[in-house]
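Visitor: just coords:
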Ligand SMILES: O=C(O)CCC(=O)C(=O)O
Ligand SMILES: [Fe+2]
């Protein structure tokens, strides 16, 4: 169901295929994307070391009560992505942002399990996300610089963040279809997801049915968020997705790790349709729009 695009000759050379996948499915797998595999392995092993710490150690890095901050450790039950249902989602995460403008300084290199290599990795992911956005601008016939100018996230505050996700074993008596991550769309511009081999991610098709996504080793799974849908007047889709425990009995006993890079425009950016149906969405200010989601999904 999810198109696989080989980027051996560069992201830009595959711009039409990437665009087409995001308009039809809202998700696309990129292989041979140029992101260093050693950096990916290192990121996963750091994540495992961190989540293996005792709970009280992890809680020292708790997300601040400042709702405007997206960074820090988020324990089980603190965040519910499907806020219309509010059942506990069995997931932990730890989040870092280049600059979320909250004034909360949460530096990954201060956690010895995560270490100093995380900053260059974040930058690599950021560059990859910018490359994808530039390719999309090209297909949409926007100014080549358009998306780049809205995502200067190292210079100005934004909700751009990297999120290490850990899904512990789900007890057998919990079966609600979205035990690990509730049904949602991402609310930024694009998300780059790296996942281990366990599986469980499901993406909604156009008939409204959930379809499992098969993990592909070292591939980047890209999906478009709400703001890209608005910017393109509905041409590019923000598709619903969730993470459930796999039905396979052996896999159900496995913990799962994934790493997501959420690219958001700068707080100050006003997003309004520039293609497709120009009347479909009212303009939104990025910071306020995202804050609305944070208030709905976090219990603190
Ligand atoms: O862990 C995953 O595979 C997906 C997580 C996700 O969709 C999210 O955090 O927005
Ligand atoms: Fe998501």
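Guide: Okay, I see it. Here the structure is a predicted model, which is why all the values come from computation and not from measurement. Ligands and ions are numbered 1, 2, ... in the order given.
Visitor: what pLDDT does residue 95 get?
Guide: With respect to pLDDT, residue 95 scores 93.
Visitor: At which residues are the strands of the chain located?
Guide: Assigned strands in the chain, in chain order: 4-6, 27-31, 72-74, 92-96, 161-167, 181-184, 190-195, 201-204, 210-212, 220-224, 241-243, 256-263, 270-271, 284-285 (criterion: DSSP state E).
Visitor: now the third one: mean pLDDT?
Guide: pLDDT averaged over strand 72-74 equals 92, rounded to a whole number.
Visitor: can you give me the offset of it from its chain's centre?
Guide: 15 Å (C-alpha atoms, centre = their mean, to the nearest Å).
Visitor: again with the last one
Guide: The chain centre lies 20 Å from the centre of strand 284-285; the measure is C-alpha atoms, centre = their mean.
Visitor: Within the sheet, what are the partner strands of that strand, with directions?
Guide: strand 270-271 (antiparallel) (DSSP bridges).
Visitor: Around ligand 1, pick out the residues from the protein.
Guide: Residues of the chain lying close to ligand 1 (C-beta under 6 Å from any ligand atom) are 165, 181, 186, 193, 195, 201, 241, 243, 258, 260. No exception for glycine: its C-beta is placed from N, CA and C like everyone else's.
Visitor: So which residues make contact with the helix or strand bottoming out on mean pLDDT in the chain?
Guide: Lowest mean confidence among the helices and strands of the chain (mean pLDDT, DSSP states H and E): helix 249-252, at a mean of 83. Residues from elsewhere that reach helix 249-252 (C-beta atoms under 8 Å, 6 or more residues apart in numbering): 169-170, 172, 198-200, 245-246.
Visitor: Now do the contacts for the closest residue in space to residue 159 that isn't next to it in sequence.
Guide: The shortest distance from residue 159 to any non-neighbouring residue, by C-beta to C-beta, 6 or more residues apart in numbering, is to residue 264 (4.1 Å). By C-beta under 8 Å, 6+ apart, the contact list for residue 264 reads 151, 153, 158-161, 187-189, 227, 286, 290.
Visitor: gap between residue 264 and residue 133?
Guide: As judged by C-beta to C-beta, to the nearest Å, residue 264 and residue 133 stand 12 Å apart.
Visitor: returning to that earlier point: could you redo the residues of the chain next to ligand 1 as JSON lines and give each row pLDDT and neighbour count?
Guide: Converted to JSON lines, the residues of the chain next to ligand 1 look like this (pLDDT from 0 to 100; neighbours: other C-beta atoms under 10 Å):
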{"residue": "165", "pLDDT": "97", "neighbour count": "23"}
{"residue": "181", "pLDDT": "91", "neighbour count": "25"}
{"residue": "186", "pLDDT": "97", "neighbour count": "25"}
{"residue": "193", "pLDDT": "98", "neighbour count": "22"}
{"residue": "195", "pLDDT": "97", "neighbour count": "23"}
{"residue": "201", "pLDDT": "97", "neighbour count": "25"}
{"residue": "241", "pLDDT": "97", "neighbour count": "26"}
{"residue": "243", "pLDDT": "95", "neighbour count": "26"}
{"residue": "258", "pLDDT": "98", "neighbour count": "25"}
{"residue": "260", "pLDDT": "98", "neighbour count": "20"}
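Visitor: Quick check: neighbours shared by residue 264 and residue 133?
Guide: 151, 189.
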